[in-house]
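Student: Have a look; sequence and predicted model below, questions after that.
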Amino acid sequence: MSIYIENNDILAHMFNACTTSQINEFIPEKRGFRIHGHSTTIRLERAFWNVLEAMAHEQEMTLSEMIQRIHDDCIMVNDKNLASCLRVICLKFVNIYAG
């Protein structure tokens, strides 16, 4: 299925498709987790939390379990960058598996 986008302006199409009820998707939200007994806070935009929740549901895991698995397996976390790893994983999930 293709979507007609006038003048091939993808950004204008996305901005016009946003409604005031979707503004919350852009607001960063902090959530606390315990990873191997250590407390950590992760700050991501609500849109990313929505994707992570869908991924956890699909994997039959809690969000906390999935965050810990990503923490353990993502090589970027070694650079203390768990939030970036989560964002990239969300994009890959949406591009590859969601649909």
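Tutor: The structure has been received and is ready for your questions. Numbers count the residues shown, from 1 in each chain.
Student: Going along the chain, name the helices of this protein.
Tutor: With DSSP state H, the ranges of helices along the chain come out as 10-17, 46-58, 63-73, 82-96.
Student: closest to residue 32 out of those helices?
Tutor: helix 63-73 (9.8 Å; Cβ to Cβ). Heads up, the C-betas are built off the backbone N, CA and C, glycines and all.
Student: And the lowest mean pLDDT element among the helices and strands of the protein?
Tutor: One helix or strand of the chain scores below all others by mean pLDDT, DSSP states H and E: helix 10-17, with a mean of 72.
Student: Quick check: which helices or strands does that helix pack against?
Tutor: For helix 10-17, not one helix or strand is in contact under the criterion 3 or more Cβ pairs under 8 Å, 6 or more residues apart in numbering; DSSP states H and E.
Student: Now do it: distance to the chain's middle.
Tutor: Centroid separation for helix 10-17 versus its chain: 20 Å, with Cα atoms, centre = their mean, to the nearest Å.
Student: got the CA positions of that helix in CSV?
Tutor: Provided in CSV are the C-alpha atoms of helix 10-17 (Å, rounded to 0.1, in the frame of the first residue of the first chain):
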residue,chain,number,x,y,z
ILE,A,10,7.5,13.5,3.6
LEU,A,11,8.1,15.8,6.6
ALA,A,12,5.2,18.0,5.7
HIS,A,13,3.0,14.9,5.5
MET,A,14,4.1,13.6,8.9
PHE,A,15,3.6,17.0,10.5
ASN,A,16,0.2,17.4,9.0
ALA,A,17,-0.7,13.9,10.2
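Student: Can you list the low-confidence ranges for the chain?
Tutor: 1-7, 13, 17-18, 76-79, 99 (pLDDT under 70).
Student: So which residue is smack in the middle of it?
Tutor: Compute the mean C-alpha point of the chain, and by Cα atoms, centre = their mean the closest residue is residue 48, 2.4 Å away.
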